[in-house]
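Asker: what would the 3D arrangement of this be:
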Amino acid sequence: MALKKGFLVLESGEVFEGSRLSEQSAFPEKAGEVVFNTSHSGYEEIATDPSYFSQIVVMTAPMQGNYGVDRQVWESRQLWIQGFICVQIQNTKRENSWVRLLVDHQVPVLTEVDTRRLVLHLRSEGTPWGAIVAASNVEEAKKKAADLIQKQKGLEADWVHLCSRQEIEDHQGKNPTGPRVAVIDLGAKENILRELLSRCSQVRVFPSRVSPETIQEWKPDSIMLTNGPGDPSAVQQVPDTIRHFLGKLPIFGICMGHQVLSLALGAKTYKLKFGHRGANHPIRDTLLNKIYMSSQNHGYAVEDSTLPTDIEVTHRNLNDQTVAGFYSRRYNCLGIQYHPESRPGPHEASELFDYFIFEMHKTNKTEMVNHGL
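Answerer: Model prediction:
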(Lines give C-alpha, C1' and ligand atoms only; values in the text may rest on other atoms or scores of the structure.)
Protein backbone atom coordinates (compact mmCIF):
# COMPACT_ATOMS: atom_id res chain seq x y z
CA MET A 1 0.00 0.00 0.00
CA ALA A 2 1.29 3.49 -0.84
CA LEU A 3 1.82 5.80 2.15
CA LYS A 4 1.45 9.58 2.32
CA LYS A 5 3.14 12.09 4.59
CA GLY A 6 1.47 13.12 7.87
CA PHE A 7 2.47 14.99 11.02
CA LEU A 8 1.99 14.88 14.77
CA VAL A 9 2.28 18.46 16.00
CA LEU A 10 2.64 19.08 19.73
CA GLU A 11 1.26 22.24 21.28
CA SER A 12 4.77 23.02 22.51
CA GLY A 13 5.93 23.29 18.88
CA GLU A 14 7.70 19.98 18.26
CA VAL A 15 6.76 18.14 15.07
CA PHE A 16 7.07 14.41 14.37
CA GLU A 17 6.73 13.23 10.79
CA GLY A 18 5.17 9.93 9.77
CA SER A 19 3.13 8.25 7.09
CA ARG A 20 -0.62 8.21 6.55
CA LEU A 21 -2.55 5.23 5.25
CA SER A 22 -3.62 5.40 1.63
CA GLU A 23 -7.06 4.21 2.81
CA GLN A 24 -7.46 7.56 4.64
CA SER A 25 -7.43 9.76 1.55
CA ALA A 26 -9.96 12.05 3.29
CA PHE A 27 -7.73 12.26 6.35
CA PRO A 28 -9.67 12.65 9.66
CA GLU A 29 -7.42 15.27 11.33
CA LYS A 30 -7.94 15.33 15.12
CA ALA A 31 -6.44 16.73 18.33
CA GLY A 32 -6.07 15.39 21.85
CA GLU A 33 -3.68 14.82 24.75
CA VAL A 34 -0.70 12.83 23.43
CA VAL A 35 0.00 9.82 25.68
CA PHE A 36 2.00 6.61 25.30
CA ASN A 37 1.19 3.02 26.20
CA THR A 38 3.80 0.30 26.83
CA SER A 39 1.53 -2.74 26.36
CA HIS A 40 2.80 -5.30 23.88
CA SER A 41 -0.76 -6.27 22.92
CA GLY A 42 -4.32 -5.11 23.53
CA TYR A 43 -4.64 -2.32 20.97
CA GLU A 44 -8.34 -3.06 20.51
CA GLU A 45 -9.13 -2.99 24.26
CA ILE A 46 -7.13 0.25 24.58
CA ALA A 47 -8.94 1.99 21.73
CA THR A 48 -12.38 1.06 23.14
CA ASP A 49 -11.55 2.03 26.75
CA PRO A 50 -13.46 5.28 27.53
CA SER A 51 -10.53 6.39 29.72
CA TYR A 52 -8.74 7.25 26.45
CA PHE A 53 -11.37 9.84 25.57
CA SER A 54 -9.75 12.86 23.87
CA GLN A 55 -6.30 11.23 23.74
CA ILE A 56 -3.93 10.37 20.90
CA VAL A 57 -2.25 7.07 21.77
CA VAL A 58 1.38 6.34 20.94
CA MET A 59 2.18 2.61 21.13
CA THR A 60 5.75 1.78 22.17
CA ALA A 61 5.55 -1.81 20.87
CA PRO A 62 6.78 -1.63 17.27
CA MET A 63 4.25 -3.84 15.48
CA GLN A 64 0.50 -3.27 15.73
CA GLY A 65 -2.52 -5.00 14.22
CA ASN A 66 -0.76 -8.33 13.66
CA TYR A 67 -3.31 -10.58 15.39
CA GLY A 68 -6.51 -9.10 13.97
CA VAL A 69 -9.63 -7.93 15.81
CA ASP A 70 -12.40 -9.50 17.86
CA ARG A 71 -15.57 -7.61 18.81
CA GLN A 72 -15.83 -9.67 22.01
CA VAL A 73 -12.82 -7.91 23.56
CA TRP A 74 -14.22 -4.40 23.17
CA GLU A 75 -14.32 -2.49 26.45
CA SER A 76 -17.23 -0.28 25.40
CA ARG A 77 -19.54 0.26 22.44
CA GLN A 78 -17.20 2.49 20.42
CA LEU A 79 -13.61 3.62 19.81
CA TRP A 80 -12.66 6.66 21.92
CA ILE A 81 -9.10 7.52 20.85
CA GLN A 82 -8.37 10.65 18.81
CA GLY A 83 -5.45 9.07 16.97
CA PHE A 84 -3.24 5.97 16.74
CA ILE A 85 0.56 6.27 16.32
CA CYS A 86 3.05 3.44 15.94
CA VAL A 87 6.15 2.35 14.06
CA GLN A 88 4.47 -0.27 11.90
CA ILE A 89 0.93 -1.56 11.43
CA GLN A 90 -0.16 -4.80 9.77
CA ASN A 91 -1.82 -3.90 6.48
CA THR A 92 -1.64 -6.78 4.03
CA LYS A 93 -4.22 -8.65 2.00
CA ARG A 94 -3.99 -11.50 4.53
CA GLU A 95 -4.52 -9.29 7.62
CA ASN A 96 -5.71 -5.70 7.68
CA SER A 97 -8.69 -5.89 10.03
CA TRP A 98 -7.24 -3.48 12.64
CA VAL A 99 -6.44 -0.92 9.95
CA ARG A 100 -9.94 -1.34 8.51
CA LEU A 101 -11.53 -0.81 11.93
CA LEU A 102 -9.56 2.40 12.55
CA VAL A 103 -10.40 3.69 9.08
CA ASP A 104 -14.11 2.85 9.44
CA HIS A 105 -14.23 4.74 12.78
CA GLN A 106 -12.44 7.82 11.43
CA VAL A 107 -9.41 7.42 13.72
CA PRO A 108 -6.33 9.10 12.16
CA VAL A 109 -3.41 6.68 11.90
CA LEU A 110 0.23 7.73 11.70
CA THR A 111 2.91 5.08 11.12
CA GLU A 112 6.65 5.08 10.41
CA VAL A 113 7.01 7.52 13.34
CA ASP A 114 10.19 7.56 15.45
CA THR A 115 8.21 6.53 18.54
CA ARG A 116 11.37 6.08 20.63
CA ARG A 117 12.29 9.75 20.20
CA LEU A 118 8.66 10.78 20.69
CA VAL A 119 8.21 8.78 23.92
CA LEU A 120 11.52 10.04 25.32
CA HIS A 121 10.24 13.55 24.67
CA LEU A 122 6.92 12.83 26.42
CA ARG A 123 8.73 11.31 29.41
CA SER A 124 11.01 14.33 29.61
CA GLU A 125 8.49 17.13 29.02
CA GLY A 126 5.15 15.59 29.99
CA THR A 127 2.06 14.75 27.93
CA PRO A 128 0.98 17.80 25.90
CA TRP A 129 -1.95 18.49 23.64
CA GLY A 130 -1.25 17.71 20.01
CA ALA A 131 -2.86 17.02 16.67
CA ILE A 132 -2.42 14.60 13.77
CA VAL A 133 -2.73 16.37 10.44
CA ALA A 134 -2.09 15.93 6.73
CA ALA A 135 0.04 18.71 5.29
CA SER A 136 2.59 19.37 2.57
CA ASN A 137 5.07 20.97 4.97
CA VAL A 138 5.72 21.67 8.67
CA GLU A 139 4.39 25.24 8.66
CA GLU A 140 1.08 24.16 7.20
CA ALA A 141 0.90 21.33 9.73
CA LYS A 142 1.48 23.71 12.66
CA LYS A 143 -1.27 26.07 11.53
CA LYS A 144 -3.79 23.26 11.11
CA ALA A 145 -2.84 21.74 14.46
CA ALA A 146 -3.19 25.00 16.38
CA ASP A 147 -6.82 25.38 15.28
CA LEU A 148 -7.68 21.75 16.05
CA ILE A 149 -6.08 21.87 19.51
CA GLN A 150 -7.93 25.03 20.52
CA LYS A 151 -11.23 23.52 19.43
CA GLN A 152 -10.62 20.28 21.33
CA LYS A 153 -9.58 22.16 24.49
CA GLY A 154 -12.97 23.87 24.43
CA LEU A 155 -14.74 20.64 25.44
CA GLU A 156 -16.63 20.52 28.72
CA ALA A 157 -14.15 19.86 31.55
CA ASP A 158 -16.17 17.00 33.05
CA TRP A 159 -15.08 14.30 30.59
CA VAL A 160 -16.65 11.65 32.81
CA HIS A 161 -20.09 13.07 32.06
CA LEU A 162 -19.34 13.01 28.33
CA CYS A 163 -18.47 9.28 28.45
CA SER A 164 -20.96 8.02 31.03
CA ARG A 165 -24.20 6.27 30.15
CA GLN A 166 -27.07 8.74 30.22
CA GLU A 167 -29.74 6.16 31.11
CA ILE A 168 -30.00 3.55 33.86
CA GLU A 169 -29.19 -0.03 32.78
CA ASP A 170 -30.09 -3.27 34.59
CA HIS A 171 -28.07 -6.48 34.32
CA GLN A 172 -28.90 -9.91 35.74
CA GLY A 173 -25.98 -11.45 37.60
CA LYS A 174 -24.87 -15.09 37.51
CA ASN A 175 -24.84 -15.61 41.30
CA PRO A 176 -28.43 -15.74 42.69
CA THR A 177 -27.14 -15.43 46.25
CA GLY A 178 -24.76 -12.59 45.46
CA PRO A 179 -25.26 -8.91 46.33
CA ARG A 180 -27.05 -6.17 44.39
CA VAL A 181 -24.37 -3.71 43.28
CA ALA A 182 -25.01 -0.15 42.12
CA VAL A 183 -22.43 0.93 39.53
CA ILE A 184 -21.79 4.63 38.95
CA ASP A 185 -20.57 4.79 35.35
CA LEU A 186 -17.67 7.22 35.07
CA GLY A 187 -16.67 5.82 31.65
CA ALA A 188 -16.81 2.15 32.54
CA LYS A 189 -14.83 -0.65 30.96
CA GLU A 190 -17.07 -3.62 30.19
CA ASN A 191 -14.81 -6.05 32.03
CA ILE A 192 -15.60 -4.35 35.34
CA LEU A 193 -19.25 -5.24 34.69
CA ARG A 194 -18.28 -8.79 33.62
CA GLU A 195 -16.33 -9.31 36.85
CA LEU A 196 -19.27 -8.04 38.91
CA LEU A 197 -21.90 -10.07 37.04
CA SER A 198 -20.00 -13.30 37.69
CA ARG A 199 -20.24 -12.64 41.45
CA CYS A 200 -23.51 -10.69 41.91
CA SER A 201 -27.25 -11.33 41.70
CA GLN A 202 -28.05 -7.95 40.13
CA VAL A 203 -26.12 -4.95 38.81
CA ARG A 204 -27.71 -1.60 38.05
CA VAL A 205 -25.57 0.94 36.16
CA PHE A 206 -26.29 4.62 36.86
CA PRO A 207 -25.17 7.77 34.95
CA SER A 208 -22.38 9.73 36.61
CA ARG A 209 -24.58 12.60 37.77
CA VAL A 210 -27.16 10.37 39.45
CA SER A 211 -28.50 11.63 42.78
CA PRO A 212 -27.93 9.58 45.95
CA GLU A 213 -31.69 9.37 46.42
CA THR A 214 -32.11 7.64 43.04
CA ILE A 215 -29.49 5.05 43.97
CA GLN A 216 -30.94 4.51 47.44
CA GLU A 217 -34.44 3.85 46.02
CA TRP A 218 -33.01 0.71 44.40
CA LYS A 219 -31.70 -0.50 47.80
CA PRO A 220 -28.27 -1.72 46.69
CA ASP A 221 -25.95 -3.73 48.92
CA SER A 222 -22.88 -1.80 47.75
CA ILE A 223 -21.49 0.69 45.25
CA MET A 224 -18.88 0.36 42.50
CA LEU A 225 -17.18 3.47 41.05
CA THR A 226 -15.68 2.74 37.63
CA ASN A 227 -12.72 3.99 35.64
CA GLY A 228 -13.10 7.06 33.44
CA PRO A 229 -11.26 9.84 31.61
CA GLY A 230 -9.87 13.24 32.51
CA ASP A 231 -9.24 15.34 35.59
CA PRO A 232 -10.99 13.98 38.72
CA SER A 233 -11.32 17.47 40.19
CA ALA A 234 -13.58 18.41 37.24
CA VAL A 235 -16.06 15.60 37.88
CA GLN A 236 -19.40 16.98 39.04
CA GLN A 237 -21.88 15.44 41.49
CA VAL A 238 -20.03 12.15 42.08
CA PRO A 239 -18.03 13.14 45.22
CA ASP A 240 -21.25 14.39 46.86
CA THR A 241 -23.03 11.15 45.99
CA ILE A 242 -20.16 9.12 47.46
CA ARG A 243 -20.20 11.11 50.72
CA HIS A 244 -23.87 10.22 51.17
CA PHE A 245 -22.99 6.50 51.26
CA LEU A 246 -19.60 6.58 53.03
CA GLY A 247 -19.74 4.35 56.08
CA LYS A 248 -23.19 3.05 55.14
CA LEU A 249 -22.45 0.75 52.16
CA PRO A 250 -19.25 -0.91 50.91
CA ILE A 251 -17.69 1.22 48.18
CA PHE A 252 -15.09 0.02 45.66
CA GLY A 253 -13.49 2.58 43.30
CA ILE A 254 -11.25 1.73 40.34
CA CYS A 255 -8.96 4.26 38.61
CA MET A 256 -11.15 7.40 38.25
CA GLY A 257 -13.43 5.81 40.84
CA HIS A 258 -10.45 5.58 43.19
CA GLN A 259 -9.61 9.24 42.58
CA VAL A 260 -13.11 10.64 43.14
CA LEU A 261 -13.43 8.41 46.22
CA SER A 262 -10.31 10.10 47.59
CA LEU A 263 -11.84 13.52 46.86
CA ALA A 264 -14.98 12.51 48.73
CA LEU A 265 -12.79 11.58 51.70
CA GLY A 266 -11.18 15.03 51.67
CA ALA A 267 -7.92 14.21 49.85
CA LYS A 268 -6.48 15.90 46.76
CA THR A 269 -5.31 14.63 43.36
CA TYR A 270 -2.56 15.88 41.04
CA LYS A 271 -1.52 15.41 37.40
CA LEU A 272 1.36 13.01 36.79
CA LYS A 273 4.11 14.18 34.47
CA PHE A 274 3.46 11.52 31.81
CA GLY A 275 0.99 9.13 33.47
CA HIS A 276 0.97 5.36 33.81
CA ARG A 277 -0.28 3.49 30.76
CA GLY A 278 0.66 -0.11 30.07
CA ALA A 279 0.34 -3.69 31.25
CA ASN A 280 3.61 -4.04 33.12
CA HIS A 281 3.41 -1.83 36.21
CA PRO A 282 4.55 -3.56 39.45
CA ILE A 283 2.41 -3.26 42.58
CA ARG A 284 2.99 -4.02 46.26
CA ASP A 285 -0.41 -5.02 47.68
CA THR A 286 -0.49 -5.30 51.49
CA LEU A 287 -4.23 -6.03 51.50
CA LEU A 288 -3.79 -9.34 49.63
CA ASN A 289 -0.12 -9.57 50.70
CA LYS A 290 1.15 -9.95 47.15
CA ILE A 291 3.46 -8.32 44.64
CA TYR A 292 2.27 -8.47 41.05
CA MET A 293 2.14 -6.79 37.65
CA SER A 294 -0.86 -4.63 36.82
CA SER A 295 -2.63 -2.96 33.94
CA GLN A 296 -2.69 0.83 34.26
CA ASN A 297 -4.13 3.82 32.44
CA HIS A 298 -4.24 7.10 34.32
CA GLY A 299 -2.82 10.60 34.15
CA TYR A 300 -3.64 11.66 37.72
CA ALA A 301 -2.84 10.28 41.17
CA VAL A 302 -3.93 10.72 44.77
CA GLU A 303 -1.75 13.02 46.86
CA ASP A 304 -0.47 10.79 49.65
CA SER A 305 -0.15 13.43 52.37
CA THR A 306 -3.74 14.68 51.98
CA LEU A 307 -5.43 11.36 52.78
CA PRO A 308 -7.11 11.33 56.22
CA THR A 309 -5.09 9.62 58.93
CA ASP A 310 -7.60 6.78 59.26
CA ILE A 311 -7.15 5.82 55.60
CA GLU A 312 -4.48 3.15 55.08
CA VAL A 313 -2.40 3.20 51.89
CA THR A 314 -2.44 -0.51 51.02
CA HIS A 315 -1.05 -0.47 47.47
CA ARG A 316 2.08 1.17 46.04
CA ASN A 317 3.30 1.51 42.47
CA LEU A 318 6.84 0.10 42.77
CA ASN A 319 8.12 2.18 39.84
CA ASP A 320 7.61 5.56 41.52
CA GLN A 321 6.03 4.80 44.94
CA THR A 322 2.82 6.68 44.09
CA VAL A 323 -0.41 5.71 45.84
CA ALA A 324 -1.86 2.72 43.98
CA GLY A 325 -4.63 1.94 46.45
CA PHE A 326 -6.09 2.58 49.89
CA TYR A 327 -8.54 0.94 52.27
CA SER A 328 -10.60 2.25 55.16
CA ARG A 329 -12.05 -0.16 57.68
CA ARG A 330 -14.00 2.72 59.25
CA TYR A 331 -15.76 3.65 55.99
CA ASN A 332 -15.55 0.16 54.46
CA CYS A 333 -14.24 1.59 51.20
CA LEU A 334 -11.46 0.47 48.85
CA GLY A 335 -9.78 2.52 46.14
CA ILE A 336 -7.52 0.95 43.48
CA GLN A 337 -5.67 3.20 41.04
CA TYR A 338 -4.94 0.49 38.44
CA HIS A 339 -7.14 -2.10 36.71
CA PRO A 340 -7.83 -5.38 38.55
CA GLU A 341 -10.24 -6.20 35.72
CA SER A 342 -7.22 -6.19 33.31
CA ARG A 343 -8.21 -6.04 29.59
CA PRO A 344 -5.54 -5.71 28.43
CA GLY A 345 -2.99 -6.94 30.91
CA PRO A 346 -2.32 -9.40 33.71
CA HIS A 347 -5.14 -10.90 35.80
CA GLU A 348 -3.13 -11.08 39.04
CA ALA A 349 -5.25 -8.46 40.85
CA SER A 350 -8.68 -9.93 40.07
CA GLU A 351 -8.88 -11.22 43.67
CA LEU A 352 -9.70 -7.64 44.67
CA PHE A 353 -13.20 -8.21 43.25
CA ASP A 354 -13.53 -11.20 45.61
CA TYR A 355 -12.33 -9.03 48.50
CA PHE A 356 -14.99 -6.45 47.67
CA ILE A 357 -17.84 -8.95 47.25
CA PHE A 358 -17.05 -11.42 50.02
CA GLU A 359 -15.03 -9.53 52.66
CA MET A 360 -16.37 -5.97 52.50
CA HIS A 361 -20.02 -7.07 52.31
CA LYS A 362 -19.50 -9.38 55.29
CA THR A 363 -18.10 -6.59 57.46
CA ASN A 364 -20.87 -4.21 56.44
CA LYS A 365 -23.94 -6.13 57.64
CA THR A 366 -23.96 -4.51 61.07
CA GLU A 367 -23.57 -1.01 59.61
CA MET A 368 -26.44 -1.58 57.15
CA VAL A 369 -28.76 -2.48 59.99
CA ASN A 370 -27.65 0.53 62.02
CA HIS A 371 -28.36 2.89 59.11
CA GLY A 372 -31.68 1.27 58.18
CA LEU A 373 -30.55 0.52 54.59
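
Asker: for this protein, which spans come out with low pLDDT?
Answerer: Residues of the chain that meet the criterion pLDDT under 70 lie in 1-3, 364-373.

Asker: could you rerun that using 50?
Answerer: 1, 368-369, 372-373 (pLDDT under 50).

Asker: that one - how does it break down into domains?
Answerer: 4-154, 159-371 (the TED database).

Asker: okay if I get those as JSON lines plus mean neighbour count?
Answerer: Placement of C-beta: from N, CA and C, glycine included. Below are the domains of the chain laid out as JSON lines (neighbours: other Cβ atoms under 10 Å):
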{"stretch": "domain 4-154", "mean neighbour count": "19"}
{"stretch": "domain 159-371", "mean neighbour count": "20"}
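
Asker: helices or strands next to the one helix or strand L102 maps to in the packing?
Answerer: If you go by DSSP states H and E, L102 is part of helix 97-104. The contact analysis (3 or more Cβ pairs under 8 Å, 6 or more residues apart in numbering; DSSP states H and E) places helix 97-104 against helix 43-47, strand 109-110.

Asker: same list, the ones you listed, but as CSV with distance to G65 please.
Answerer: Compiled in CSV, the helices and strands packed on helix 97-104 are given as follows (distance: least, Cβ to Cβ, whole Å):
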stretch, distance to G65
helix 43-47, 7
strand 109-110, 10
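
Asker: R94: which of those is closest?
Answerer: helix 43-47 (17.9 Å; Cβ to Cβ).

Asker: the closest one packs against which elements?
Answerer: So helix 43-47, by 3+ Cβ pairs under 8 Å, 6+ apart, packs with strand 55-59, helix 97-104.

Asker: one step back: which one of the helices and strands packed on helix 97-104 lies nearest to H121?
Answerer: Nearest of the helices and strands packed on helix 97-104 to H121, taken as Cβ to Cβ: strand 109-110 at 15.1 Å.

Asker: does anything pack onto that closest one? Which helices or strands?
Answerer: By 3+ Cβ pairs under 8 Å, 6+ apart, strand 109-110 packs against strand 3-10, strand 15-21, strand 83-85, helix 97-104.

Asker: looking at the helices and strands packed on helix 97-104, which is nearest to R277?
Answerer: It's helix 43-47; of the helices and strands packed on helix 97-104, that one is closest to R277 (Cβ to Cβ) at 8.3 Å.

Asker: mind naming the longest strand for the protein?
Answerer: Longest strand in the chain by number of residues (criterion: DSSP state E): strand 269-285.

Asker: ok, then the element right after it?
Answerer: Counting by DSSP H and E, what follows strand 269-285 is strand 290-302.

Asker: quick one: the helix or strand just after that next one to chain centroid distance?
Answerer: Next helix or strand after strand 290-302 toward the C-terminus (DSSP H and E): strand 312-317. Centre-to-centre, strand 312-317 and its host chain are 19 Å apart (Cα atoms, centre = their mean, to the nearest Å).

Asker: which one, of the helices and strands packed on strand 109-110, ends up nearest to Y270?
Answerer: That would be strand 3-10 among the helices and strands packed on strand 109-110, by Cβ to Cβ, at 22.0 Å.

Asker: can you give me the end-to-end span of stretch 20-29?
Answerer: Using Cα to Cα, to the nearest Å, one end of stretch 20-29 lies 11 Å from the other.

Asker: check stretch 85-102 too.
Answerer: End to end - Cα to Cα - stretch 85-102 spans 11 Å.

Asker: what sits up against it?
Answerer: If you take Cβ atoms under 8 Å, 6 or more residues apart in numbering as the criterion, stretch 85-102 is touched by 1, 8, 18, 21, 23, 43-44, 47, 56-59, 61-66, 68-69, 79, 84, 109-113, 115, 118, 132.
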